[in-house]
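# sequence unknown, structure follows:
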């Protein structure tokens, strides 16, 4: 039996499914504030659970790659990772770049992910999408 958990993380829905086999399934996450994702994935890391990326994992959701050991991450054919430069919002609701934070996030990703991002233009305001064969070359397909 599967248990589906919907966790709202500051207006960003991260849908997780946790079956009895100690696995967390990312079904859909548009990202959001970094802090809650760091806390969530740190808890997952500590539990020893495997992470199955089974849909879009965008923006702050991709921090899972930096926190959970790579040998505990697998991807399905539906998996999509989306990366962009770090940004903040000012009091008027305008976005502005955070280059130092972008550098720190990029440095925290595993080497093959960093290399893929670099080959595709680096972290910018444009969303870079990693999926399909390119993603399966970095992370194993889930069984």
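Nice, thanks for sending it over. Worth saying up front: this structure is predicted, and the values here are computed from it rather than measured.

# Wait, residue 60 touches residue 34, no?
Yes: under the criterion of CB atoms under 8 Å, residue 60 makes contact with residue 34 at 5.0 Å. C-betas here are computed from N, CA, C, even on glycine.

# These two: which is more packed in?
residue 60 (25 against 16; other CB atoms under 10 Å).

# what secondary structure does that one sit in?
Classification of residue 60 by DSSP: H, G, I helix; E, B strand; the rest coil places it in helix.

# where in this protein is pLDDT low?
Residue ranges of the chain with pLDDT under 70: 1-21.

# Tell me which other helices or strands the lengthiest helix in it touches.
Longest helix in the chain by number of residues, with DSSP state H as the criterion: helix 34-47. The contact analysis (3 or more CB pairs under 8 Å, 6 or more residues apart in numbering; DSSP states H and E) places helix 34-47 against strand 2-9, helix 64-67.

# check contacts around the most centrally placed residue in the chain.
Closest to where the C-alpha atoms of the chain average out (CA atoms, centre = their mean) is residue 62, at 1.6 Å. Residue 62 makes contact with 31, 81, 82, 83, 109, according to CB atoms under 8 Å, 6 or more residues apart in numbering.

# got it, and residue 112?
By CB under 8 Å, 6+ apart, the contact list for residue 112 reads 137, 138.

# and the helix or strand harbouring it, how far from the chain's centre?
In this assignment (DSSP states H and E), residue 112 forms part of helix 111-119. Centre-to-centre, helix 111-119 and its host chain are 14 Å apart (CA atoms, centre = their mean, to the nearest Å).
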